[in-house]
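1. how does the following fold in three dimensions:
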Amino acid sequence: MSPRSASVNEELRRRSKERLLRAALELVGERGYDATTLGDIADRAGSARGLVSYYFPGKRQLVQSAVHRLMHRTLEEALERPPRSAEGPERMARAIDAILGLARDRPVLMRQHMAGLLQAEVGFVPCPEQRRLAELLRDTVARHGSRDVDRDYPMLRALLMGAVFAALVPGVPMPVPVLRAELFERYRLEWELGAPPDAEAPDGTACDTDLSRFFTTGGPARPGPAGPARESDQPDQPGRTDRTARTARTAQSK
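-> Prediction:
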């Protein structure tokens, strides 16, 4: 079999990483962080287990990237939903509601995410997913009229993180509407903007539990009855010959 082209390998790597991110979100949401192993994530993604450590230094970094993907895509959906608005107050309201909505609708994932950020050995890990989230929040701050985005963006991020933490503290959680009211008062937003908690969801539906729309995997995250993805679906790692990569993948799958 002739070696695959660089472009084909790049696309396979992209899809493989997408499947791992999606599988991490699904499993941690279902079982919790401690009960989910890297092997579980690889199996759910239909990927060779060695690929997990190739893309991510460890489980905490993988889960943090996966939750940042969930956050930036949820925020993006909220900002772009019809009727699309360029008005600063409306976009700020939508951003606040999107992040607070994740604390309300996906408490297991968000609680694990907040706990991971406080781990000294990992902490806050910049990654492509986090950078996309930062870009959206910085744009929101700018459209809201900030004269110093470099100062005001970190403050918005801190306030949102604090609100999520307050909503998820076991035993003494603060109600999301109370936290929303505090943030809306700070940013001088009318209660009717965004997606008020006492109003029907903007699209007429409740929280969508299907995460597939946030990932372009080229196939299902769950492996079929035949088991993990076929060898031909696995990307070659840069710096290896095609034969060496196939040998490594065979060994990893055993």
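
2. excluding sequence neighbours, find me the nearest residue to Glu182.
-> Ala163 (7.7 Å; CB to CB, 6 or more residues apart in numbering). C-beta coordinates here come from the backbone N, C-alpha and C atoms, glycine included.

3. what about the strands in the protein?
-> For the chain, no strands are identified by DSSP state E.

4. and the lengthiest helix in it, which residues are buried?
-> Taking DSSP state H as the criterion, the chain has its longest helix at helix 6-31. Buried residues in helix 6-31, counted by 16 or more other CB atoms under 10 Å: 9, 12-13, 15-29.

5. show the average pLDDT along it.
-> On average, the pLDDT along helix 6-31 is 86.

6. how far off centre is it?
-> 12 Å (CA atoms, centre = their mean, to the nearest Å).

7. which other helices and strands contact it?
-> Secondary-structure packing of helix 6-31 (3 or more CB pairs under 8 Å, 6 or more residues apart in numbering; DSSP states H and E): helix 38-45, helix 49-55, helix 59-80, helix 107-117.

8. pick out the shakiest of those, pLDDT-wise.
-> Looking at the helices and strands packed on helix 6-31, the bottom one is helix 49-55 with a mean of 87.

9. Phe124: how many residues sit nearby?
-> Neighbour count of Phe124, defined by other CB atoms under 10 Å: 12.

10. dihedrals phi and psi, it?
-> phi -80, psi 120 (degrees, to the nearest 10).

11. nearest residue to it other than its sequence neighbours?
-> Nearest to Phe124 is Leu117, by CB to CB, 6+ apart, at 5.6 Å.

12. okay, that neighbour and Pro89: tell me how far apart.
-> 29 Å (CB to CB, to the nearest Å).

13. repeat that for Ser212.
-> In terms of CB to CB, Ser212 sits 32 Å off from Pro89.

14. which regions of the stretch 151-254 of the chain sit below the pLDDT cut-off?
-> 199-209, 217-254 (pLDDT under 70).

15. export stretch 150-158 to PDB, keeping only CA atoms.
-> Output of stretch 150-158 as PDB, limited to C-alpha atoms (Å, rounded to 0.1, in the frame of the first residue of the first chain):
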ATOM      1  CA  ASP A 150      -7.000  44.000  27.800                       C
ATOM      2  CA  ARG A 151      -8.200  45.100  31.200                       C
ATOM      3  CA  ASP A 152     -12.000  44.400  30.900                       C
ATOM      4  CA  TYR A 153     -11.800  40.900  29.300                       C
ATOM      5  CA  PRO A 154      -9.900  39.300  32.200                       C
ATOM      6  CA  MET A 155     -12.500  40.800  34.600                       C
ATOM      7  CA  LEU A 156     -15.400  39.400  32.600                       C
ATOM      8  CA  ARG A 157     -13.700  36.000  32.500                       C
ATOM      9  CA  ALA A 158     -13.100  36.100  36.300                       C
END
